[in-house]
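Colleague: pasting a predicted model and its sequence here:
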Amino acid sequence: MSRDYPLEKVRNIGIIAHIDAGKTTTTERVLFYTGVSHKIGEVHEGEATMDWMEQERERGITITSAATTAFWIPTYEKGNQDFKHRFNIIDTPGHVDFTAEVERSLKVLDGGVVVFDGVAGVEPQSETVWRQADKYKVPRICFINKLDRTGASFERSYKSILDRLTKNAVRAQIPIGEEGNHEGVVDLLRMKGYKFEGNMGNDVIEIDIPEELKADAEKYRSELIEKIVENDEAQMNDFLEGKEIALEDLKKTLRKAVISGDVVPVFTGSALKNVGVQLVLDAVVDYLPSPIDIPPITGVDPKTSEEIDRKASDEEPFSALAFKLQTDPYVGQLTYFRVYSGKIEAGSYVYNASTGNKERLGRILRMHANEREEVKTVYAGEIAAAVGLKDTHTSDTLCDEAHAIELHKIEFAEPVVSLRIEPKTKADQEKMGMALRKLADEDPTFKVTTDDETLETIISGMGELHLEVLVDRMKREFNVEANVGQPQVAYRETIQIPAEAEHKYIKQSGGKGQYGHVKIRIKPLEKSTDPDEKIAKNVKRSEGMEFINNIKGGVVPNEFIPAVEKGVKEAMERGIVAGYRMVDVSTELFDGSYHEVDSSEIAFKLAATFAFKEAAEKAQPVLLEPVMKVEVVVPDKFTGDITGDLSSKRGQVQGMEDRGPGVQAVHALVPLSEMFGYTTRLRSMTEGRGSATMEFDHYEVVPPNVAQTIKAQRG
């Protein structure tokens with residue numbers, strides 16, 4: 001079988017933004033205008049197609065990223081089938097607690113549409129998703145939405161993008177009217193106005209630019225063309241000589257500049273009022289890349305660790321990345337995967353380069369939110385879901401065994417909030433373990449552990465809402481009733497200076513004894529931010545630890561090295577200050593000795609555990625706490641109260657900015673331990689008119705007086 005549409009006409013895009021910027025409303029319009037749905041589902045009515053989970057409809061927020069497929073012919077081609085493009089779209093959550101969904105979506109997408117609230121402009125989560133897109137080098141376009149709202153300002157929102165995100169942004173459109181007068185947009189390249197009439201704005205009507213906007217349009221068009229021609233020397237010369245450059249030539253140069261990240265065009269409108277969405281779809285076709293426009297995906301040969309590339313072509317060997325697991329009540333576990341090269345048929349066997357196992361890929365589904373369409377074959381550049389993969393996890397590479405490749409894994413943030421949880425009845429006990437395991441498989445930022453002393457189950461996640469939703473899902477999807485404790489902070493421990501230690505573990509009890517002897521050095525680990533960092537073969541790095549095997553001359557035989565690493569890991573898990581997991585420690589095994597008869601794995605593991613503890617005690621160990629980036633939006637008259645209150649919570653106020661008439665946004669860094677229940681307190685302080693958002697920023701050393709209290713509480 002061959003593909004039913006060319007690869008250059010495929011667009012894998014994500015809709016990303018801060019919570020409440022209008023991502024899902026925009027996506028619903030996309031589905032309607034592309035003919036996928038015949039009725040627009042509104043978020044505020046709990047009927048959005050892409051928000052299919054019960055919790056999403058009740059809360060009016062997106063919790064899990066939903067994928068769909070749609071087709072689009074640009075409006076300027078008026079139904080010409082030769083210009084039909086396939087869009088694979090992922091609608092991502094905006095709430096910071098569900099940031100993993102954005103992270104994994106951006107890893108597998110080729111382009112992004114970043115949506116902004118026309119009143120608020122750039123908000124905290126806007127910055128987070130922008131940084132995530134930067135990390136994966138995802139080309140993007142901007143859509144300033146909600147220009148019909150009271151207080152909306154295109155220019156203020158556009159300026160916030162320039163100031164806080166990128167100097168590469170440039171106006172591609174300006175609005176016709178704002179707030180209650182918002183009725184269309186001006187396309188600066190074409191120098192035409194557009195209104196949206198008929199059923200749900202279906203009819204795109206070209207009009208002359210209103211007289212009062214002509215001067216602005218001329219000025220901003222000149223700025224746009226100047227930004228475009230900076231990327232093409234011949235066009236730059238024509239521009240400087242005052243020559244008119246053909247529209248198609250400008251579009252080609254702009255496309256190259258968007259794909260390289262040198263230009264970010266900004267569009268505008270109001271999804272709720274059906275203004276501007278079709279022109280954003282045209283921009284996706286015109287400026288965002290197809291799979292063949294982006295560099296080949298890189299990975300490593302699992303046997304030799306050599307770097308290899310895979311081009312986006314059906315003729316290349318098969319390679320795909322599993323980026324999301326989802327439990328489906330009808331077909332069991334779904335594994336979402338992005339095909340980077342080659343093709344795969346339903347019923348084939350695939351090799352999992354991450355685990356070394358082979359699995360049969362039973363059925364292949366093309367997803368539309370929670371609805372399914374079965375397909376026989378998927379090709380390079382496509383996103384699909386597989387049924388039947390039992391041993392595949394998030395970030396695993398699926399490939400052709402004869403041409404194995406392991407793609408770079410997706411990096412996820414560490415959880416910062418924990419809860420103790422226990423089943424209500426004995427019948428719930430068994431079901432709870434299975435439910436938690438499935439939820440943890442689906443969500444890499446959700447961790448389940450057991451307290452060694454009390455044997456209680458502890459669940460950890462990205463925030464209170466994250467854990468609340470997961471406990472609710474456990475109840476609804478798995479019928480498990482549970483009691484939960486109060487939220488707790490996920491503290492960490494680390495060291496501040498290098499140290500070394502030696503330990504001999506010797507045990508004689510008649511017969512064969514135990515002998516393990518290691519010398520180790522530890523030092524604070526410098527974290528790398530490069531996802532493609534090459535790590536030497538004798539270095540292993542994972543979740544804030546690095547293990548370096550520097551043994552010369554076989555003084556510790558190779559078969560005992562993994563046991564030493566395991567002993568170090570176990571010691572780090574238990575910590576030494578207050579029993580919290582240690583992070584950001586580099587451990588080097590540099591010497592030791594062994595006994596030909598008495599040495600064993602357990603002896604070396606215990607020797608390493610004791611040596612690490614001794615070294616860590618000398619290395620000035622400290623407690624770390626998560627510090628949150630907090631934004632509080634309040635009327636002017638409350639800003640003094642808010643800044644004083646945040647300072648009393650050990651917070652550092654970073655600054656304030658205008659958020660429309662009479663409204664201020666206060667930015668601060670505050671320890672998470674001080675922020676539980678803050679929303680309720682904020683409401684009472686601001687007569688119910690304040691709102692707050694917070695996201696994890698970094699870990700910081702806990703002040704000594706606070707650390708003493710935490711240690712006392714841990715016993």
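Modeller: Nice, thanks for sending it over.
Colleague: C-alpha only now, for contacts and for neighbours.
Modeller: Will do.
Colleague: for Val663, give me the pLDDT.
Modeller: At Val663, the predicted lDDT confidence score is 82.
Colleague: quick check: bridge partners of it?
Modeller: Pro635 (DSSP bridges).
Colleague: counting neighbours, what do you get for it?
Modeller: The number of residues packed around Val663, counting by other C-alpha atoms under 10 Å, is 17.
Colleague: now swap in Ala320 and tell me
Modeller: For Ala320, the neighbour count with other C-alpha under 10 Å is 31.
Colleague: spatially nearest residue to it, not counting backbone neighbours?
Modeller: Distances taken as C-alpha to C-alpha, 6 or more residues apart in numbering place Val339 nearest to Ala320, at 4.3 Å, with adjacent residues excluded.
Colleague: doesn't Ile383 make contact with that neighbour?
Modeller: Yes - with contact taken as C-alpha atoms under 8 Å, Val339 and Ile383 are classed as touching, separated by 6.4 Å.
Colleague: what packs against the helix or strand where the residue nearest to Ala320 lies?
Modeller: When secondary structure is defined by DSSP states H and E, Val339 falls within strand 332-341. The elements that strand 332-341 packs onto, with contact taken as 3 or more C-alpha pairs under 8 Å, 6 or more residues apart in numbering; DSSP states H and E, are strand 319-328, strand 377-379, strand 383-387.
Colleague: strands of the stretch 151-300 of the chain, residue ranges please.
Modeller: 169-171, 173-176, 184-187, 192-197, 203-207, 264-268, 297-300 (DSSP state E, counting those that start in this stretch).
Colleague: now those in a markdown table, with mean neighbour count and distance to Glu359?
Modeller: Written out in a markdown table, the entries for the strands of the stretch 151-300 of the chain read as follows (neighbours: other C-alpha atoms under 10 Å; distance: least, C-alpha to C-alpha, whole Å):
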| stretch | mean neighbour count | distance to Glu359 |
| --- | --- | --- |
| strand 169-171 | 23 | 45 |
| strand 173-176 | 24 | 50 |
| strand 184-187 | 25 | 51 |
| strand 192-197 | 19 | 50 |
| strand 203-207 | 15 | 49 |
| strand 264-268 | 26 | 42 |
| strand 297-300 | 17 | 21 |
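Colleague: ok, then the element right after the host helix or strand of Val568?
Modeller: When secondary structure is defined using DSSP H and E, the element that contains Val568 is helix 561-574. Taking DSSP H and E as the definition, the helix or strand that follows helix 561-574 towards the C-terminus is strand 585-593.
Colleague: closest one to Leu189 among the helices and strands packed on strand 332-341?
Modeller: Proximity to Leu189, assessed across the helices and strands packed on strand 332-341 by C-alpha to C-alpha, is greatest for strand 383-387 (32.7 Å).
Colleague: partners of the closest one in the sheet?
Modeller: Counting by DSSP bridges, strand 383-387 is paired with strand 332-341 (antiparallel), strand 363-368 (antiparallel).
Colleague: show the average pLDDT along that strand.
Modeller: In this model, strand 383-387 has a mean pLDDT of 86.
Colleague: with only the CA atoms kept, save it in CSV.
Modeller: What follows is strand 383-387 as a C-alpha-only set of coordinates in CSV (Å, rounded to 0.1, in the frame of the first residue of the first chain):
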residue,chain,number,x,y,z
ILE,A,383,0.9,10.2,14.4
ALA,A,384,-1.2,7.2,15.4
ALA,A,385,-2.1,5.0,18.4
ALA,A,386,-1.3,1.3,18.7
VAL,A,387,-3.3,-1.4,20.5
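Colleague: and the strand holding Val339, what's buried?
Modeller: By neighbour count, with 16 or more other C-alpha atoms under 10 Å as the criterion, the buried positions of strand 332-341 are 333-341.
Colleague: go on, stretch 130-141?
Modeller: By neighbour count on 16+ other C-alpha under 10 Å, the buried set for stretch 130-141 is 130, 132-133, 136-141.
Colleague: make CSV out of the strands of the stretch 151-300 of the chain and add distance to Val480 and mean pLDDT.
Modeller: CSV is the format used below for those (distance: least, C-alpha to C-alpha, whole Å; pLDDT from 0 to 100):
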stretch, distance to Val480, mean pLDDT
strand 169-171, 49, 93
strand 173-176, 51, 94
strand 184-187, 51, 93
strand 192-197, 49, 92
strand 203-207, 50, 90
strand 264-268, 46, 95
strand 297-300, 41, 89
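Colleague: returning to what we had before: got TSV for the buried residues of stretch 130-141, with secondary structure, pLDDT and distance to Phe676 too?
Modeller: Below are the buried residues of stretch 130-141 laid out as TSV (DSSP: H, G, I helix; E, B strand; the rest coil; pLDDT from 0 to 100; distance: C-alpha to C-alpha, whole Å):
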residue	secondary structure	pLDDT	distance to Phe676
Trp130	helix	85	27
Gln132	helix	81	26
Ala133	helix	85	30
Tyr136	coil	85	33
Lys137	coil	89	35
Val138	coil	90	35
Pro139	coil	93	37
Arg140	strand	92	35
Ile141	strand	94	36
